[in-house]
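> Need a 3D model of the sequence below.
(2 chains)
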Number of protein chains: 2
Amino acid sequence: MRIIRTTRGLQTWRRRQDGPRLSIGFVPTMGALHDGHRSLIRRARRSCRTVVVSVFVNPLQFGPAEAYRRYPRDPSGDLELCREERVDAVFLPASDTLYPPSFQTTVTVTALSRRWEGAHRPAHFQGVTTIVTKLLNLVRPTRTFFGQKDYQQFVVIRQLVRDLDLPTALTLCPTVRDADGFALSSRARRLTAAQRQRACVLHRALLAGKAAIAGGARRSRPVETRMAARVNRDPPDGVDYLACCDARTLEPLARLRGTVLLLGAIRVGAVRCIDNLIVRIR
Amino acid sequence: MRIIRTTRGLQTWRRRQDGPRLSIGFVPTMGALHDGHRSLIRRARRSCRTVVVSVFVNPLQFGPAEAYRRYPRDPSGDLELCREERVDAVFLPASDTLYPPSFQTTVTVTALSRRWEGAHRPAHFQGVTTIVTKLLNLVRPTRTFFGQKDYQQFVVIRQLVRDLDLPTALTLCPTVRDADGFALSSRARRLTAAQRQRACVLHRALLAGKAAIAGGARRSRPVETRMAARVNRDPPDGVDYLACCDARTLEPLARLRGTVLLLGAIRVGAVRCIDNLIVRIR
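Numbering: from 1, shown residues only, chains lettered A, B, ... in the order given. Next up, the predicted model:
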């Protein structure tokens, strides 16, 4: 009889029961796939034998029903992109497949979900962590791929995976940008050309913050002032936040040190855009 | 490329990746093992090639810290019983192994957790569903075994497994009782002989309710009155509830029909005892 006292020990014992090692890469998406998703799929393709993509606009992570209904959808374009990338399986469920009427379970990551996107979109991350737990249990991937654009989402899911001992490894992949620096986003399909032009001020503001740090700034206040000044030169229709925080805990930092996250959310027309940069301070 | 639209379809596709079918039976426990646990382990032994038992007193499912500290513990007796039953692996983690300081995730099954035990032990089922999710992710059993004594717990976990698509089958096993009908319980180790004697009034009250139904009662009120009358003949130190409900939804029933659960919780000294009976009405 084996007596096991650590989670690591149990995971090792359990993997030994599995027999030959699987290699399943998973890219969870909400569809309206773009080159950012394509880069995640290619990254999965490079390191995994089998690649699974899910396409599901998750109602739980939206506030007002309208935002959920307006989220862009393009199932035939999505399938075409997946075919081009030689994806092995695409999971395209209907909403009531994943949430039948009796559904009543929520998964919550508390501290990391509170700030930034969590503060502006109540219950958003609870919706994210609930659907991600479901998808990870269904797909049971050896490795799951996320884009840096949704950095807080990645940090929340990393905590979820640790806390619930979900048996998958995570890989964070670089944000894919247009020539003008705008972070690719499904929501951007709903921007007019002029709005799209204006939306790239977010990335420019983050770059101004990064430049301030490169220029020697070591406190949040002047960096945030620089980002605000940049955004105000080409003001969008709203700024939800534009800030510096600790990249690991997501807590605001008075004094900048270690790995710093510059992050922002703005509104252009009816579309919210988010973006971030990671800056390492030596 | 496979296009999959149902969870069933995805689970089937995913199992095919696994290769040869595993057969891992799991009995999660809080230790202080007794013949009720032994019967679960034997049931697992009969239907699974590999049997895993976990022994962990889960702090999250206790209210006041004192109740957690007072819960009976007997690790050497537990290991002996597991050895006798030829268990393959015993998971005996320390509390901070499963809950490191950064831990911040909760899993909640809402409606089914509200009544009965949930009403008397706030946050109890949230603790249960959180630890069970962790243990199922760590052990990844093909089948998990629960005792009917904790019937509400089973119904909550069944909902959890469905809602989060946890890849395990569940088996509910009959309550094991002493000669006088008392449902075996780790907590009962803390009863004196005289208290233990008095505690069996709970089972007798449930039997009185069952007899009332057998005698033709088809409404909850007279059945509950009969159970209360029986308990009052040998009153314990407190009665938390003694009721009839729908065995599937756990909602109170005015008119009895289908599968009815008679359930109760009493206090004897500092120990809470729970029990239940399932009655099928044709």
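> mind listing the strands in the stretch 1-150 of chain A by residue range?
A:2-4, A:24-29, A:50-55, A:89-91, A:105-109, A:143-147 (DSSP state E, counting those that start in this stretch).
> can those go into a markdown table with extra columns for distance to chain B and mean pLDDT?
(C-beta placed from N, C-alpha, C; glycine too.) As requested, the strands of the stretch 1-150 of chain A are exported to a markdown table (distance: least, C-beta to the nearest C-beta, whole Å; pLDDT from 0 to 100):
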| stretch | distance to chain B | mean pLDDT |
| --- | --- | --- |
| strand A:2-4 | 4 | 94 |
| strand A:24-29 | 6 | 98 |
| strand A:50-55 | 7 | 97 |
| strand A:89-91 | 4 | 96 |
| strand A:105-109 | 4 | 98 |
| strand A:143-147 | 14 | 98 |
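> Make CSV from these and add mean neighbour count and distance to A:Gly264 to it.
Listed next are the strands of the stretch 1-150 of chain A as CSV, based on neighbours: other C-beta atoms under 10 Å in any protein chain shown; distance: least, C-beta to C-beta, whole Å:
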stretch, mean neighbour count, distance to A:Gly264
strand A:2-4, 16, 46
strand A:24-29, 25, 23
strand A:50-55, 26, 27
strand A:89-91, 24, 32
strand A:105-109, 23, 22
strand A:143-147, 22, 16
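> Tabulate these in TSV, adding columns for distance to B:Ile274.
Compiled in TSV, these are given as follows (distance: least, C-beta to C-beta, whole Å):
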stretch	distance to B:Ile274
strand A:2-4	30
strand A:24-29	40
strand A:50-55	41
strand A:89-91	41
strand A:105-109	23
strand A:143-147	40
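> residues in contact with the helix or strand of chain A with the lowest mean pLDDT?
Every helix and strand of chain A was ranked by mean pLDDT, DSSP states H and E. The lowest is helix A:65-70, at a mean of 86. Contacts to helix A:65-70, defined as C-beta atoms under 8 Å, 6 or more residues apart in numbering or on different chains, come from residues A:57, A:59, A:62, A:190, A:270.
> buried ones in it?
Within helix A:65-70, the residues scored as buried using 16 or more other C-beta atoms under 10 Å in any protein chain shown are A:Tyr68.
> Could you check how far A:Arg221 is from A:Met227?
For A:Arg221, the distance to A:Met227 (C-beta to C-beta, to the nearest Å) stands at 11 Å.
> So between those two, which is more surrounded?
A:Met227 (26 against 10; other C-beta atoms under 10 Å in any protein chain shown).
> Flag every buried residue along the host helix or strand of that one.
Element membership for A:Met227 (DSSP states H and E) is helix A:220-233. Judged by neighbour count (16+ other C-beta under 10 Å), helix A:220-233 contains these buried residues: A:220, A:222-224, A:226-228, A:230-231.
> how far does that helix sit from the chain's center?
24 Å (C-alpha atoms, centre = their mean, to the nearest Å).
> Can you spell out which helices and strands pack onto it?
helix A:201-214, strand A:238-246, strand A:258-268 (3 or more C-beta pairs under 8 Å, 6 or more residues apart in numbering or on different chains; DSSP states H and E).
> can you do 6 Å?
helix A:201-214, strand A:238-246 (3 or more C-beta pairs under 6 Å, 6 or more residues apart in numbering or on different chains; DSSP states H and E).
> Let's have the ones you listed in TSV, adding distance to B:Leu202 and mean pLDDT.
Below are the helices and strands packed on helix A:220-233 laid out as TSV (distance: least, C-beta to C-beta, whole Å; pLDDT from 0 to 100):
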stretch	distance to B:Leu202	mean pLDDT
helix A:201-214	64	98
strand A:238-246	53	97
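> how big is the angle separating the helix ranked longest in chain A from helix B:124-139?
Determined from DSSP state H, the single longest helix within chain A is helix A:124-139. Using axes from the mean of the first three to the mean of the last three C-alpha atoms, to 10 degrees, the inter-axis angle of helix A:124-139 relative to helix B:124-139 is 40 degrees.
> residues in the stretch 151-282 of chain A within reach of chain B, list them.
A:160, A:163-166 (C-beta under 6 Å from any C-beta of the partner chain).
> how many other residues sit next to the residue nearest to A:Arg15 when sequence neighbours are not counted?
Spatial nearest neighbour of A:Arg15, excluding adjacent residues (C-beta to C-beta, 6 or more residues apart in numbering or on different chains): A:Arg21 at 7.8 Å. As a burial measure, A:Arg21 scores 8 neighbours (other C-beta under 10 Å).
> do the same with the one 10 residues further on
When neighbours are counted by other C-beta under 10 Å, A:Gly31 registers 21.
> any idea how far it lies from chain B?
13 Å (C-beta to the nearest C-beta, to the nearest Å).
> That residue against A:Ser54, yeah?
No. When contacts are counted by C-beta atoms under 6 Å, A:Gly31 is not listed as touching A:Ser54 (9.1 Å).
> that older thread, closest to A:Gly258 among the buried residues of helix A:220-233?
A:Gly258 lies nearest to A:Ser220 out of the buried residues of helix A:220-233, by C-beta to C-beta, at 13.1 Å.
> Please tell me how far the spatially closest residue to that closest one that is not a sequence neighbour sits from A:Ser39.
Leaving out its chain neighbours, the residue that sits closest to A:Ser220 by C-beta to C-beta, 6+ apart is A:Cys244, at 4.3 Å. Distance of A:Cys244 to A:Ser39, given as C-beta to C-beta: 27 Å.
> between these two, which one's more packed in?
Taking other C-beta under 10 Å, A:Cys244 and A:Ser39 do not tie; A:Cys244 has more neighbours (24 against 19).
> Please name the nearest non-neighbouring residue to A:Glu85.
That would be A:Ile41: by C-beta to C-beta, 6+ apart, it lies 4.5 Å from A:Glu85.
> which among the residues of the stretch 151-282 of chain A next to chain B end up buried?
A:160, A:163-166.
> burial count for A:Pro122?
A:Pro122: 10 neighbours (other C-beta under 10 Å).
> what's it sitting at in phi/psi?
The phi and psi values for A:Pro122, taken as degrees, to the nearest 10, are phi -60, psi 140.
> now it, nearest residue through space, not along the chain?
With C-beta to C-beta, 6+ apart, the residue lying closest to A:Pro122 is A:Gly63, at 6.8 Å.
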